[in-house]
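Enquirer: Provided below for reference: sequence and predicted model.
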Amino acid sequence: MASPTLRAVVITESLAAGALPAAFSGMEDRRYPHLLDEHTPIEIIELTVPAERAAALALELAAALKSRLYYAHLLDEERMLVAFPHTVVDIPRGDTDAIAHARSIGALFDIPDEQMRFAEMWDTDHPDAPSQPEAGTL
């Protein structure tokens, strides 16, 4: 049986040193371009993180982020860990108080509210992205 994992989503441009912390070595799954706020080109890094290391790795991300405008997150079906600069917020799925708390923390780092749609992130990777038709459909 496979060990439980979380999926981590990190914006390359959010990293103060321009690279993931060494603790993430070997966990990267893919990188791809994305338009943040429909205007700003960024690169997304997706990683698979062992559940037993998720909290420690979220703290590593929190220490590696630029001091404003960005966060990273790790999630599974039931929980999301949001890494803000030097801060990690735990959001159980469906916990509206925890989501509101995370959004208030993000505001301290000048993160636009529309980029913190945490409730939707379990079902949509980038809920702030413009609607795009599915590949192969018209």
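Expert: Done, it's in. Residues are numbered from 1 along each chain as shown.

Enquirer: Identify all contacting residues around the longest strand anywhere in the chain.
Expert: Secondary structure assigned by DSSP state E gives strand 40-50 as the longest strand of the chain. Identification of contacts with strand 40-50 by Cβ atoms under 8 Å, 6 or more residues apart in numbering yields 3-13, 20, 24, 27-36, 57, 74, 126. From N, CA and C alone the C-beta is placed, and that goes for glycine too.

Enquirer: And the buried ones among the residues you listed, selectable in PyMOL?
Expert: Selecting just the buried residues from the contacts of strand 40-50 in PyMOL takes one command, with 16 or more other Cβ atoms under 10 Å as the test:
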select buried, resi 5+6+8+9+10+11+20+24+27+36+57+74
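
Enquirer: re earlier: for the longest strand of the chain, what is the average pLDDT?
Expert: The pLDDT scores in strand 40-50 average 94.

Enquirer: now swap in stretch 77-96 and tell me
Expert: Mean predicted lDDT for stretch 77-96 stands at 97.

Enquirer: Can you show me the strands along the protein?
Expert: According to DSSP E, the chain carries its strands in the segments 5-11, 28-36, 40-50, 72-75, 79-84, 87-92.

Enquirer: returning to what we had before: and the longest strand of the chain, which strands flank it?
Expert: Its sheet considered, strand 40-50 pairs with strand 5-11 (antiparallel), strand 28-36 (antiparallel) by DSSP bridges.

Enquirer: how about the helix or strand of the chain with the lowest mean pLDDT as CSV, C-alpha atoms only?
Expert: Between all helices and strands in the chain, the lowest mean by mean pLDDT, DSSP states H and E belongs to strand 28-36, at a mean of 92. What follows is strand 28-36, C-alpha atoms only, in CSV (Å, rounded to 0.1, in the frame of the first residue of the first chain):
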residue,chain,number,x,y,z
GLU,A,28,8.9,17.5,-8.2
ASP,A,29,6.3,16.2,-10.7
ARG,A,30,6.0,19.0,-13.3
ARG,A,31,6.4,22.6,-14.1
TYR,A,32,4.1,24.7,-16.4
PRO,A,33,3.3,28.3,-17.2
HIS,A,34,0.2,30.0,-15.8
LEU,A,35,-1.3,33.5,-16.0
LEU,A,36,-1.7,34.9,-12.5
